[in-house]
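> only geometry, no sequence info:
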C-alpha cells in the first residue's frame, strides 16, 4: 500500500529565506579568502560551592518586593477610595504604618540576605585561577562578582550574614559546605 503525499507549494516566505541563506553576505567564507582560525576556548568553570538556600532566598526577595510594591500602590489607593466615619488623620496613620512595614521589611530583608552566595565557580587552574561568586540583588536578579583569593578579606563591621569580603562586596557562604582547602 503506498500513500502519496500532495506536494505543498512553496510560500513566498520560504523562497525569500532560501534566497537570503544563499546570499554571499551571510555565507561563512568570503570569496576564496582564508578564514581566521577559531578563537581558543576558555577553560571550563569548576563549581566549587552551591548555596543550599539559594532558591528560598530568591523567592523571599521576590515576594517581599511584590508585597512592598503592592503596599506602595494599594495603600494610597485605598486611602483615596475609602469613605467612612474614620477621620482622614486616622486613615493616613494606618496607611503610613502599613506602608512603612511593607517597605521596611523589604529593605531589611535585602540588607540581611544580599550577601548570600548562591554559587562559586573557579575559572582557570593553578595560581592564575579566578573565582566568580553569584549573589542576587534587590529584584532577585543574579549578580556575578569576580575575585582572586588574594583579594578575600575578613568582614568588617557588624553586618549580619557576612563571613568574608571579596572585591569590596560582603558575602556569606556556609563554612561547612566549602570543600576546597585553598578556598
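Cool, got the structure. Owing to the predicted nature of the structure, the values given are computational and were not obtained by experimental measurement. Numbering: from 1, shown residues only.

> buried set for stretch 68-84?
68, 71, 75, 79 (16 or more other CB atoms under 10 Å). In short, each C-beta sits where N, CA and C put it, glycine included.

> Leaving out sequence neighbours, find the closest residue to the second one.
The spatially closest residue to residue 71, leaving aside those adjacent along the chain, is residue 102, at 3.2 Å (CB to CB, 6 or more residues apart in numbering).

> The one you found and residue 73: what is the separation?
10 Å (CB to CB, to the nearest Å).

> one step back: please read off the pLDDT at the residue nearest to residue 71 from the model.
According to the prediction, residue 102 has pLDDT 90.

> now the helices for the chain?
Taking DSSP state H as the criterion, the chain contains helices spanning 12-22, 54-81, 88-113.

> Turn those into CSV, including distance to residue 150.
Conversion of these to CSV gives the following (distance: least, CB to CB, whole Å):
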stretch, distance to residue 150
helix 12-22, 51
helix 54-81, 26
helix 88-113, 27
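
> wait, which of these is closest to residue 144?
helix 54-81 (13.7 Å; CB to CB).

> Give me the helices and strands touching that closest one, please.
The elements that helix 54-81 packs onto, with contact taken as 3 or more CB pairs under 8 Å, 6 or more residues apart in numbering; DSSP states H and E, are helix 88-113, strand 130-136.
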